[in-house]
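Asker: Give me a model of this one.
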Amino acid sequence: MGSIGGAELVFVLVLALLLFGPRQLPKIGRTIGKTLGDLRKATTDFKMNLENGRTLYEIPASTYRLLGRNVPVAGGGFLRHSPYWYSSRVIRRMNNNNQPAVVYLHPWEIDSDTPRVKGLTFLQHYRTYGSTSVFYYKLDKLLRDFSFTSISDYLRRFRKKRSIGFHSR
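Answerer: Numbering: from 1, shown residues only. The predicted model follows:
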């Protein structure tokens, strides 16, 4: 997710002061602190121990906060259709905030002989097959501009360090 800058923080604090008054700010601060603590804990709860003794890890797709909404950024149609400058800027911003970007693709997105589904509307056709001609370029540039690791290597590092986040090589 993106980070909040100094100017935004000052704006939020002044707005909170005007809306709630100085007497309510400590209570609001404690509530926010507790919520952030709960969120931090939630980000480490992505491991499930199954009854058969095996472990299942959930690795969430990367999202970026934009205009108050979480927008997927690094996989599938969102990666394919977004301009490279946008994708790379968001991934770099996430990495600068010690967050890994989970970049994924569907196998058919790099298959030059993908079977075409008949009967799709124009929008469905675009969402499924659009931008595949430039996806090779985008993927090649991502591989040159960023360091990547596999999910299995990421999990190995997680088990050693017991923390989630961006781990440089």
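
Asker: any idea which element Arg92 lies in?
Answerer: Using DSSP states H and E, Arg92 sits in helix 84-96.

Asker: Other residues contacting the very next helix or strand once past that helix?
Answerer: Once the chain leaves helix 84-96, the next helix or strand it forms, by DSSP H and E, is helix 122-129. Helix 122-129 has contacts (CB atoms under 8 Å, 6 or more residues apart in numbering) with 77, 114, 116-117, 120. The C-beta positions use only the backbone N, C-alpha and C, and glycine is treated the same way.

Asker: Can you name every helix or strand that the helix holding Arg92 contacts?
Answerer: Secondary-structure packing of helix 84-96 (3 or more CB pairs under 8 Å, 6 or more residues apart in numbering; DSSP states H and E): strand 63-66, helix 132-145.

Asker: How far away from the center of its chain is that helix?
Answerer: Mean-position distance between helix 84-96 and its chain equals 10 Å (CA atoms, centre = their mean, to the nearest Å).

Asker: Quick check: next helix or strand after the least confident helix or strand in the chain by mean pLDDT?
Answerer: Sorting the helices and strands of the chain by mean pLDDT, DSSP states H and E puts helix 25-44 at the bottom, at a mean of 66. Per DSSP H and E, the first helix or strand lying C-terminal to helix 25-44 is strand 47-49.
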